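> Sequence and predicted structure are below.
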2 protein chains.
Amino acid sequence: MALPRAAKTQRRTRIQEEKEERILEAALEVFATNGFRGSTIDQIAEVAGMSKPNLLYYFRTKEAMHRALIERVLDTWLDPLRAFDAEGNPSAEIRSYIRRKLEMSRDFPRESRLFANEVLQGAPHIEDELVGPLKQLVDEKAQVIRAWAKAGKIAKCDPYHLIFAIWATTQHYADFDVQVRAVLGEDLAGEGRFEDAARFLEQLFLNGLKVQSTVP
Amino acid sequence: MALPRAAKTQRRTRIQEEKEERILEAALEVFATNGFRGSTIDQIAEVAGMSKPNLLYYFRTKEAMHRALIERVLDTWLDPLRAFDAEGNPSAEIRSYIRRKLEMSRDFPRESRLFANEVLQGAPHIEDELVGPLKQLVDEKAQVIRAWAKAGKIAKCDPYHLIFAIWATTQHYADFDVQVRAVLGEDLAGEGRFEDAARFLEQLFLNGLKVQSTVP
DNA sequence: CATAATGTTTACCAACCGGTCAAATTATCA
DNA sequence: TGATAATTTGACCGGTTGGTAAACATTATG
């Protein structure tokens, strides 16, 4: 009778875990490809293989589903940036950040598109996360980059725009996948694409951030 | 009685031009912020300041409106890439391409988001344009870049991924504007943002593509 | 095994949405 | 000016959508 989330029993039942898992998986699929408004509960229910009212038994509203999904995914999404290590070698850190972000685009394109859809449409559901945890983390890492530049370990540059550039270039392969495939052609797009992109971006960013010696 | 598009009179009346203009302007606003599925004819009608049936008098369906809008905007959108000149100085050409694209993001953010929404959701309405005119233009310019690299005028690099990187970094400021503003803070985001971004991206791409001399 | 709690389904509703229609209004021009 | 064509609107329609109510089924537990 009672809704699972509000149940008196503190423990989530096995069946609750399983179903919520299946629902969020389906929701990711649907929200990522249609955006929030473009997605219907029926669609999600079908992908999840259950009836609409059943789905609404676990998440009261479409928005609750979306919220739960965002919460669950945001942390993972920011992991690569968190791994950015102030003590490490600057070039190596930047290289591996690019690589990790690119791997995310390859392995979790739906998560990328979920956020892209949301941000693109004005982030009506995640604005708090943007100005809160996200900004804080970026500020912190920007300081690291700025220190590297000041110490002459990389070229002087605006750390925020550097981070934006890495986000943009790596996520592009997930978010604009259709366009990339259209331009490269179906064949080229598949096989070597990941390595090609990684090689190019590493070259671009590492040379681009190399300290410019004023005549050796 | 008859629909204007199918009218016997070949000439479009003044009133037709004006109304279609107003409708497409409103459609751009709405489609860009909500995507195709997320937009309603009522919304567009309200922004355009006319009734829904009146709007449907000029464009028979929502899709017809969207199609007309895409057609009208796509050419302009590709202009910067078209301006890319094989005869020019490579560094100067790349620099001014970046600048033009960045100006587009600043001056026509809605157009950018319109395409971003569309591509992000699988480009269901513009796939022909992608594999047709777009691919053709990109192929052509990729050849130019490849020739430059072969002639030693810029570093060896994959021209397609270079173009993707320029698209991604410049359009990022239009498409992910909310996120950029959230991270930079409302103040920093406004004034110097354009110049900061331009300076950073020019540094990144021009140094990144500089021929790496193997000891002078 | 009884029984209460949890989980699932069928039927349904009100609001919304894309689109039509016929009637009313306005612009055009002989 | 008056006839005719172009434009505009309110009322409406069928399908979709987010969500509810209540009956039914299943599972956990004393």
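Structure's in. What do you need?

> ok, A:Pro159 to A:Asp139 distance?
For A:Pro159, the distance to A:Asp139 under the criterion Cβ to Cβ, to the nearest Å works out to 10 Å. Where C-beta positions appear, they are placed from N, C-alpha and C, glycine not excepted.

> Correction: the previous question concerned A:Gln43.
A:Gln43 sits 38 Å away from A:Asp139 when distances are taken as Cβ to Cβ.

> Looking at those two, which one has more neighbours?
A:Gln43 (18 against 13; other Cβ atoms under 10 Å in any protein chain shown).

> in what helix or strand does the nearest residue to A:Ser105 once chain neighbours are set aside lie?
Excluding its sequence neighbours, the residue lying closest to A:Ser105 (Cβ to Cβ, 6 or more residues apart in numbering or on different chains) is A:Ala174, at 3.9 Å. The secondary structure element spanning A:Ala174 is helix A:159-175 (assigned by DSSP states H and E).

> Equivalent analysis for A:Glu195, please.
Taking DSSP H and E as the criterion, the element that holds A:Glu195 is helix A:193-208.

> Does chain B have contacts with stretch A:198-206?
Yes - contact of stretch A:198-206 with chain B is found when judged by Cβ under 8 Å from any Cβ of the partner chain, involving A:199-201, A:203-205.

> and of the residues you listed, the nearest to A:Gly38?
Each of the residues of stretch A:198-206 next to chain B was scored against A:Gly38 by Cβ to Cβ, and A:Leu201 proved nearest at 30.8 Å.

> For the closest one, give its distance to B:Leu206.
For A:Leu201, the distance to B:Leu206 under the criterion Cβ to Cβ works out to 16 Å.

> Could you do A:Ile15 as well?
For A:Ile15, the distance to B:Leu206 (Cβ to Cβ) stands at 59 Å.

> Have a look at those two and say which one is more surrounded.
Using other Cβ under 10 Å as the criterion, A:Ile15 and B:Leu206 rank with B:Leu206 on top: 18 against 10.

> Which strand or helix spans the closest residue to the more buried one other than its chain neighbours?
With Cβ to Cβ, 6+ apart as the criterion, B:Leu206 has its nearest non-adjacent residue at 5.8 Å, and that residue is B:Ser91. Counting by DSSP H and E, the element that carries B:Ser91 is helix B:90-107.

> Would you mind getting the angle between that helix and helix B:193-208?
Between the axis of helix B:90-107 and that of helix B:193-208 there is an angle of 150 degrees, by axes from the mean of the first three to the mean of the last three Cα atoms, to 10 degrees.

> then helix B:90-107 to PDB, C-alphas only?
Taking Å, rounded to 0.1, in the frame of the first residue of the first chain, the C-alpha atoms of helix B:90-107 are listed here in PDB:
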ATOM      1  CA  PRO B  90      47.600  28.600 -42.600                       C
ATOM      2  CA  SER B  91      48.000  30.100 -39.200                       C
ATOM      3  CA  ALA B  92      46.000  33.200 -40.200                       C
ATOM      4  CA  GLU B  93      43.300  31.000 -41.700                       C
ATOM      5  CA  ILE B  94      43.000  28.900 -38.700                       C
ATOM      6  CA  ARG B  95      43.000  31.900 -36.400                       C
ATOM      7  CA  SER B  96      40.300  33.700 -38.300                       C
ATOM      8  CA  TYR B  97      38.200  30.500 -38.500                       C
ATOM      9  CA  ILE B  98      38.300  30.100 -34.800                       C
ATOM     10  CA  ARG B  99      37.400  33.800 -34.400                       C
ATOM     11  CA  ARG B 100      34.500  33.600 -36.800                       C
ATOM     12  CA  LYS B 101      33.100  30.500 -35.200                       C
ATOM     13  CA  LEU B 102      33.400  32.100 -31.800                       C
ATOM     14  CA  GLU B 103      31.600  35.200 -33.000                       C
ATOM     15  CA  MET B 104      28.900  33.000 -34.300                       C
ATOM     16  CA  SER B 105      28.500  31.500 -30.800                       C
ATOM     17  CA  ARG B 106      28.300  34.900 -29.300                       C
ATOM     18  CA  ASP B 107      26.000  36.500 -31.900                       C
END
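
> for it, the distance to its chain's centre please.
Average the C-alpha atoms of helix B:90-107, do the same for its chain, and the two points are 13 Å apart (Cα atoms, centre = their mean, to the nearest Å).

> Pull out the buried residues from it.
For helix B:90-107, a neighbour-count test (16 or more other Cβ atoms under 10 Å in any protein chain shown) marks B:90-91, B:93-102, B:104-106 as buried.

> Contacts for that helix, please.
Around helix B:90-107, the neighbours that count as contacts under Cβ atoms under 8 Å, 6 or more residues apart in numbering or on different chains are B:77, B:79-81, B:83-85, B:111-112, B:148, B:153-154, B:166-167, B:170-174, B:194, B:197-198, B:201-202, B:205-206, B:209.

> List only those of those residues flagged as buried.
Of the members of those, the ones counted as buried by neighbours, 16+ other Cβ under 10 Å, are B:77, B:80-81, B:84, B:111-112, B:148, B:154, B:166-167, B:170-174, B:197-198, B:201-202, B:205-206, B:209.

> Tell me, how many residues neighbour A:Ala147?
Other residues near A:Ala147 come to 13 when the count uses other Cβ under 10 Å.

> what's the neighbour count on the closest residue to it other than its chain neighbours?
Among residues not flanking A:Ala147 along the chain, A:Ala86 sits closest, at 7.5 Å (Cβ to Cβ, 6+ apart). Counted by other Cβ under 10 Å, the residues lying close to A:Ala86 total 13.

> any idea how far the helix holding A:Ala174 is from the chain center?
The chain centroid and the centroid of helix A:159-175 are separated by 11 Å under Cα atoms, centre = their mean.

> can you check stretch A:130-145 too?
Between the mean C-alpha location of stretch A:130-145 and the chain-wide mean there is a distance of 15 Å, by Cα atoms, centre = their mean.

> Low-confidence bits of chain A, can you list those?
Across chain A, the ranges flagged by pLDDT under 70 are A:1-13, A:187-188, A:213-216.

> could you give the angle of the helix ranked longest in it to helix A:159-175?
What stands out as the longest helix in chain A, according to DSSP state H, is helix A:14-38. Counting by the same axes, to 10 degrees, helix A:14-38 lies at 100 degrees to helix A:159-175.

> going on from helix A:14-38, what's the next piece of helix or strand?
Later in the chain than helix A:14-38, the nearest helix or strand by DSSP H and E is helix A:41-48.

> tell me the SS of the residue nearest to A:Ala147?
Following DSSP: H, G, I helix; E, B strand; the rest coil, the label given to A:Ala86 is coil.
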